[in-house]
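> Predicted model and sequence below, questions to follow.
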Amino acid sequence: MLDKKGMFHERTEEVLTILVVPIIFMSLIFVVFVVVPGTYAKIDAEGIDHFTIRNSLLHNKNCLAYENGAVYPGIVDINKFNPEKLQKCLGVKGDSYGIILNLKYNDINKVIFLNERMTDRANFCLSKGSFKCSSESVYVLVNENGENNPGMLDIRIIGFEK
Amino acid sequence: MKKGIAQYPMFVYGLLILVVTLLVAMLLFSISNELEFKGKKGPEFNNLNIDLLNYIRTPVIIDSLEFLMSDLIVYSYYNKDFILLNEKTKETFNLAYSDKCFWEVSYAVDGDKVNSVSNIGETEVDVRFSEVNSVESRISLQNGKEMKIGLVKIC
């Protein structure tokens, strides 16, 4: 039989157990549903893929940017405006991205299709589906034989919705 | 009996530490949660800076002599005559944006606007409901001054 001391001891432990177990349980719920979701970083990177392609085209010396010791972003070297060089620079192939470049300057109009597997699907951009397309016109200077001529570069990018 | 009584303050201390820890964690992560990166739209996601950069270095031919637009801007500022600059600017941006967008180029020195040119009244864009993008660039002048050139585009 338990004496008075023993009963008090046991009751104290019971009370503590009744309090401690729900507190631990509630703390776990709090950590899982409040603290952990708070640690998620929200990075909204929508459109960054198309932006990166456009930036590479205009800023990268291996793409279109004119180079004369220094690299001039936004100045298009007409000698680099050919599908082979741009394909090599951007590395788009298969079901990744298709790019249609339309360069207009001095009454000249030049069009380049990069990765025809995707550019052939340009009509799918009209419907809301799995395709994500963007189109932007940029005011550029076209360097031809050392001379800069004003022109417009239309960049159309066809890709899949992520 | 002593052991049982001694467990109460320990329990209260433990509970207090747990509550304080959880509060600190909540406070800490609620702050970091506000550091949200939004890069959906804005000048950094289009090539307006390239447009402005190329405008400044656009070749301009005056009396069969070739200059850059930046030379004409500085020349116009010191001669207080912006007629030719405004004409060449309109030529450039009408080529770039046609009438699909509203655009405005403003020039300011030491915070004072010295000139501005736009296609206001020549475009049907409703500026109230369209996305506004703007960029700035600077040109060095004499006596350590600099001119701030701003481009606003609304499409």
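Cool, got the structure. These figures come from a predicted structure and were not determined experimentally.
> Tell me which stretches of chain A form strands.
A:43-44, A:65-68, A:70-77, A:97-105, A:108-114, A:131-144, A:147-160 (DSSP state E).
> before we move on, what about chain B?
B:37-38, B:59-62, B:65-68, B:102-109, B:112-118, B:132-140, B:146-154.
> Return the distance of A:Asp77 relative to chain B.
A:Asp77 sits 14 Å away from chain B, going by CB to the nearest CB, to the nearest Å. In short, each C-beta sits where N, CA and C put it, glycine included.
> thinking that residue is in contact with A:Asn60, fair?
No: using CB atoms under 8 Å, A:Asp77 is not in contact with A:Asn60; the gap is 11.2 Å.
> Need the pLDDT of the nearest residue to B:Asp51 once chain neighbours are set aside.
Distance criterion CB to CB, 6 or more residues apart in numbering or on different chains; nearest residue to B:Asp51, sequence neighbours excluded, is A:Tyr139 at 4.4 Å. According to the prediction, A:Tyr139 has pLDDT 94.
> What about the residue of chain B found nearest chain A, how many residues nearby?
Chain A sits closest to B:Phe29 of chain B, with a gap of 3.1 Å, by CB to the nearest CB. By other CB atoms under 10 Å in any protein chain shown, the residues close to B:Phe29 number 16.
> wait, isn't it in contact with A:Thr39?
Yes: counting by CB under 8 Å, B:Phe29 does reach A:Thr39; the two are 5.5 Å apart.
> tell me which helix or strand of chain B sits lowest on mean pLDDT?
Using mean pLDDT, DSSP states H and E, strand B:37-38 stands out as the lowest-scoring helix or strand of chain B, at a mean of 53.
> Any idea which of the strands of chain A gets closest to B:Ile17?
Of all the strands of chain A, it is strand A:43-44 that lies closest to B:Ile17, at 34.0 Å by CB to CB.
> circling back: just list whatever residues bridge to the residue nearest to B:Asp51.
A:Tyr139 forms beta bridges with A:Met152, as assigned by DSSP bridges.
> Return the residues in contact with it.
A:Pro150, A:Gly151, A:Met152, B:Ile50, B:Asp51, B:Asn54, B:Tyr55, B:Thr92, B:Phe93, B:Leu95, B:Ala96 (CB atoms under 8 Å, 6 or more residues apart in numbering or on different chains).
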